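>>> Only the shape, not the letters, is given here:
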Ligand SMILES: C[S@@+](CC[C@H](N)C(=O)[O-])C[C@H]1O[C@@H](n2cnc3c(N)ncnc32)[C@H](O)[C@@H]1O
């Protein structure tokens, strides 16, 4: 008999059993993901979505022999790995994801950072920006902090993702109501166009787009040609990548971060042990690049 992992969804007096994935499917992911540089635990939660795409791909290829046949197909057709990689792309996001972090950034971290910056450009990077929820959230808090921005300081937000489909949506700046769940009523009114004219969707107001530049970039291949004051790398590298790939990413990231700059990761993520970053908060996943020099010869 086929065994399934089961999720319990409480309704009034009963539990509904939802099969999420069979053992075969999990074994397939545990075999395939590390071969692409991904770690299985990161995929545990979104596995249903990923497996649905894989099943549909096997159907498209007329592979009726299940995962063993797909494994053999991958071994015979190495180009299929690129296809599978795209099927494993998780694109879930929302405005002000982990709201308490954003309040900390707005109320505690950023005012001092902005006031302490000299004329020039304050460079922010949203790595893995998805449909734009994260960079637009950044633009909103920057607008809320406009009084703290010294004269002559420009703000630039670079938002990158490898997936052209999410970038197209991000440039449009149009979102379903669900993406704004964490926004306050006044934020909805102040920063979005009236939803009545767009079938219930919300469109980000034009003036918030002026600081943001969207760019397609796969961060396993190259990093932006800039040095940053603030980097958001959340729910991507430190959730989905293997430990080796995380370390390799951090080595390449380091020259892109100014001393004293901050790196923000996801609330459920950890960094590998490194000596050039230190915790900037006890409660939020915010790290500061150490400004002393002793770590210069030994990155990780
Ligand atoms: C789960 S979403 C996270 C979005 C946002 N950072 C957040 O925390 O809400 C991960 C995003 O990373 C992008 N991504 C995945 N692998 C990538 C890579 N190698 N280079 C750049 N972007 C990548 C995906 O396309 C997706 O939009």
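Structure's in. What do you need? What you are looking at is a predicted structure, and each value in this text was computed from that prediction instead of being measured.
>>> so how far is residue 182 from residue 202?
If you measure residue 202 against residue 182 using Cβ to Cβ, to the nearest Å, the figure is 13 Å. Quick note: C-beta positions are derived from backbone N, CA and C, even for glycine.
>>> neighbour-wise, which of those two wins?
Here residue 202 and residue 182 are compared on neighbour count by other Cβ atoms under 10 Å; more neighbours surround residue 202, at 21 against 15.
>>> hang on, isn't the more buried one packed against residue 189?
No - in this structure residue 202 lies outside contact range of residue 189 using Cβ atoms under 8 Å: 10.3 Å.
>>> so who does the nearest residue to residue 96 once chain neighbours are set aside touch?
If you skip the residues right next to it in sequence, residue 96 has residue 182 as its closest partner in space, 4.0 Å away by Cβ to Cβ, 6 or more residues apart in numbering. With contacts defined as Cβ atoms under 8 Å, 6 or more residues apart in numbering, the neighbours of residue 182 are 94-97, 99.
>>> 10 Å instead?
Counting by Cβ atoms under 10 Å, 6 or more residues apart in numbering, residue 182 makes contact with 94-99, 102, 133, 137.
>>> Residue 200 now?
Under the criterion of Cβ under 10 Å, 6+ apart, the contact list for residue 200 reads 176-177.
>>> right, and the secondary structure at it would be what?
Using DSSP: H, G, I helix; E, B strand; the rest coil, the three-state assignment for residue 200 comes out as coil.
>>> Give me the buried positions along stretch 269-289.
With burial defined by 16 or more other Cβ atoms under 10 Å, the residues of stretch 269-289 counted as buried are 269, 271, 274, 276-277, 280-281, 284-289.
>>> what do you get for stretch 115-125?
For stretch 115-125, the neighbour count (16+ other Cβ under 10 Å) marks 117, 122-125 as buried.
>>> Return the mean pLDDT over that stretch, rounded to an integer.
In this model, stretch 115-125 has a mean pLDDT of 94.
>>> Then stretch 153-168?
Looking at stretch 153-168 alone, the average pLDDT works out to 98.
>>> Pull up the distance across it, start to finish.
Distance across stretch 153-168, first residue to last, is 29 Å (Cα to Cα, to the nearest Å).
>>> so residue 30 makes contact with residue 40?
Yes - Residue 30 lies in contact with residue 40 (Cβ atoms under 10 Å); the separation is 5.0 Å.
>>> The ligand contacts on the chain?
By Cβ under 6 Å from any ligand atom, the part of the chain that sits against the ligand consists of 89-93, 97, 128, 130, 134, 161-163, 166, 218-220, 234-236, 266.
>>> Among those, name the ones in helices.
Using DSSP state H, the members of the residues of the chain next to the ligand that fall within helices are 134, 166.
>>> ok so, going back, comparing residue 30 and residue 40, which residue is more hemmed in?
Each of residue 30 and residue 40 had its neighbours counted (other Cβ under 10 Å), and the higher figure belongs to residue 40 (16 against 12).
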